[in-house]
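>>> Based on what follows, work out the 3D shape:
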Amino acid sequence: MKIDGRKIKHGTREELRIMAVKRVEAGESPEEIIKGYGFHRSSIYTWLAQYREGGYEALKTGKITGRPPKLSGKQLQQLYKIITTNNPLQLQFEFALWTRDMIRELIEDKFKVKLSVVSVGRLLKKLGLSPQKPLRRAYQQNDELVEKWLNEDYPEIKAMAKKNNAIIYFGDEASVRSDYHSGTTWAPIGETPIIKTTGARFSINLISAISAKGYMRFMTINGTMNSSVFIEFLRRLIYKSPNPIFFIVDGHPVHRSKKVREYVASTKGMLSLFFLPPYSPELNPDELVWSYLKYHKMGKKNIKNKESMKKNVLACLKSLQRIPKKIINFFKETNVKYAME
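Numbers count the residues shown, from 1 in each chain. Next up, the predicted model:
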């Protein structure tokens, strides 16, 4: 229920202001918070400006003395909008990601206010912003084709699958390298930790397929992917399946090869292939299998030789196969929710 801020008793407002600021610091959107409270949208930024300079005391009803905030509520509102709705490249910066130094430069240029990098970091935190790893998109991606896939193509595939009692799988290939590490490790300040590994570099190539029902299939690849290897995986995918299989992959030339088309035709409807829009890996839930394997499992292991690496990879994927709920959860990620059952 929306609250009308004008009708709130004067003594209650300070609690509301403090609560609102705490919610922003916890990561909620200032715009959404103030909308629910029934105040003018600029109010939240005024509160944030007061809090930045004087802490929670500055939000209380009584008059608080002290230096005026360097950035007003209106300026904070403008800054928040710029950061959350603009790519730095659009503002003639040379880097595509917002950094504290760039925001510091932006504040000085736009508001004629000089802040230290540390102060900018504190300011951004008080605005409910945090440093995050961005999702990457290929510049070749066609937004119209993506929209068509989400609103027309996939809904048609889903309806067709339901009509034919087919199971929809998403598939992808990946390579796991022996010299890849993810995450961080604790170490004395100023002493960069060293991870000792074998001097030899090797990798394992794989292909997998997952369904929103929690099913998963995978296969290791000796050498590189080609039509024969892909067809072998397709054979395994439909082997003894009681239902037709709708298999969605990217548009790699191997997937579209003449040999593959002939094999699919020979299954007499047991297997159908569909293709994602070009340069759109974020639409493929199976990408999350490789992310899970590389970043959360293999990236944290010390690999000694190819055999131990293969053993660990297979153990991880077999374990994942036994956790349908985990596979189903992959489909709950923002970019692939469209593919949920």
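>>> Just the buried residues of the helix or strand hosting residue 171, please?
In this structure, residue 171 sits in strand 167-177 according to DSSP states H and E. Buried residues in strand 167-177, defined by neighbour count with 16 or more other C-beta atoms under 10 Å: 167-174, 176. C-beta: built from backbone N, CA, C; applies to glycine.
>>> can I get the CA coordinates of that strand in PDB?
Extracted in PDB, the C-alpha atoms of strand 167-177 (Å, rounded to 0.1, in the frame of the first residue of the first chain):
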ATOM      1  CA  ILE A 167      11.500 -32.200 -24.500                       C
ATOM      2  CA  ILE A 168      13.400 -28.900 -25.200                       C
ATOM      3  CA  TYR A 169      17.200 -29.000 -24.600                       C
ATOM      4  CA  PHE A 170      19.700 -26.200 -24.900                       C
ATOM      5  CA  GLY A 171      23.200 -27.200 -25.900                       C
ATOM      6  CA  ASP A 172      26.700 -25.700 -26.100                       C
ATOM      7  CA  GLU A 173      30.400 -26.600 -26.400                       C
ATOM      8  CA  ALA A 174      33.200 -25.500 -24.100                       C
ATOM      9  CA  SER A 175      36.900 -26.000 -23.300                       C
ATOM     10  CA  VAL A 176      38.300 -26.300 -19.800                       C
ATOM     11  CA  ARG A 177      42.000 -25.300 -19.500                       C
END
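>>> okay, the angle between the next helix or strand after that strand and strand 167-177?
Following strand 167-177 in sequence order, the next helix or strand is strand 203-211 (DSSP H and E). Computed by axes from the mean of the first three to the mean of the last three C-alpha atoms, to 10 degrees, the angle separating strand 203-211 from strand 167-177 equals 160 degrees.
>>> starting at the chain centroid, how far to strand 203-211?
In terms of C-alpha atoms, centre = their mean, to the nearest Å, the centre of strand 203-211 is found 20 Å from the chain centre.
>>> and it, which residues are buried?
Residues of strand 203-211 classed as buried by neighbour count (16+ other C-beta under 10 Å): 204-211.
>>> Over to stretch 103-117?
By neighbour count with 16+ other C-beta under 10 Å, stretch 103-117 contains the buried residues 103-104, 106-107, 111, 115.
>>> for stretch 272-290, same thing?
272-274, 276-277, 279-290.
>>> Sitting in strands, which of those residues do you find?
Among the buried residues of stretch 272-290, the ones falling in strands (DSSP state E) are 272-274.
>>> Now for the residue nearest to residue 326 when sequence neighbours are not counted, how many residues are close by?
Leaving aside its chain neighbours, residue 326 sits nearest to residue 320 (6.2 Å; criterion: C-beta to C-beta, 6 or more residues apart in numbering). Residue 320 has 20 neighbours, counted by other C-beta atoms under 10 Å.
>>> Assign a three-state SS to residue 320, would you?
Under DSSP: H, G, I helix; E, B strand; the rest coil, residue 320 falls in the helix class.
>>> distance of it from residue 267?
Counting by C-beta to C-beta, to the nearest Å, the separation of residue 320 from residue 267 is 27 Å.
>>> same question, residue 153
As defined by C-beta to C-beta, residue 153 lies at a distance of 22 Å from residue 267.
>>> pLDDT below threshold where in this structure?
Where the chain drops to pLDDT under 70, the residues are 1-12, 38, 53, 61-69, 87, 89-96, 132-140, 178-202, 296-304.
>>> and it, what are its domains?
5-126, 143-183+198-339 (automatic domain parsing).
>>> quick one on the thing from earlier: may I see the buried residues of strand 203-211 organised as TSV, with distance to residue 120 added?
Shown next, in TSV, are the buried residues of strand 203-211 (distance: C-beta to C-beta, whole Å):
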residue	distance to residue 120
204	44
205	44
206	43
207	46
208	43
209	46
210	42
211	46
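>>> How much space separates residue 19 from residue 33?
Distance of residue 19 to residue 33, computed by C-beta to C-beta: 9 Å.
>>> out of the two, which sits in the busier spot?
Legend: neighbour count by other C-beta under 10 Å for residue 19 and residue 33, higher for residue 33 (20 against 12).
>>> pretty sure that one is in contact with residue 20, am I right?
Yes - here residue 33 reaches residue 20: they are 5.3 Å apart, a contact under C-beta atoms under 8 Å.
>>> residues shared between the contacts of the two?
Residues touching both residue 33 and residue 20 by C-beta atoms under 8 Å, 6 or more residues apart in numbering: residue 44.
>>> got the CA positions of stretch 223-235 in PDB?
Provided in PDB are the C-alpha atoms of stretch 223-235 (Å, rounded to 0.1, in the frame of the first residue of the first chain):
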ATOM      1  CA  GLY A 223      40.200 -33.200 -30.600                       C
ATOM      2  CA  THR A 224      38.000 -30.500 -32.000                       C
ATOM      3  CA  MET A 225      34.300 -30.300 -32.800                       C
ATOM      4  CA  ASN A 226      33.200 -31.400 -36.200                       C
ATOM      5  CA  SER A 227      30.100 -32.800 -37.900                       C
ATOM      6  CA  SER A 228      30.800 -36.400 -36.900                       C
ATOM      7  CA  VAL A 229      31.400 -35.500 -33.300                       C
ATOM      8  CA  PHE A 230      28.300 -33.400 -33.100                       C
ATOM      9  CA  ILE A 231      26.200 -36.200 -34.700                       C
ATOM     10  CA  GLU A 232      27.600 -38.700 -32.200                       C
ATOM     11  CA  PHE A 233      26.300 -36.400 -29.400                       C
ATOM     12  CA  LEU A 234      22.900 -36.100 -31.100                       C
ATOM     13  CA  ARG A 235      22.700 -39.900 -31.300                       C
END
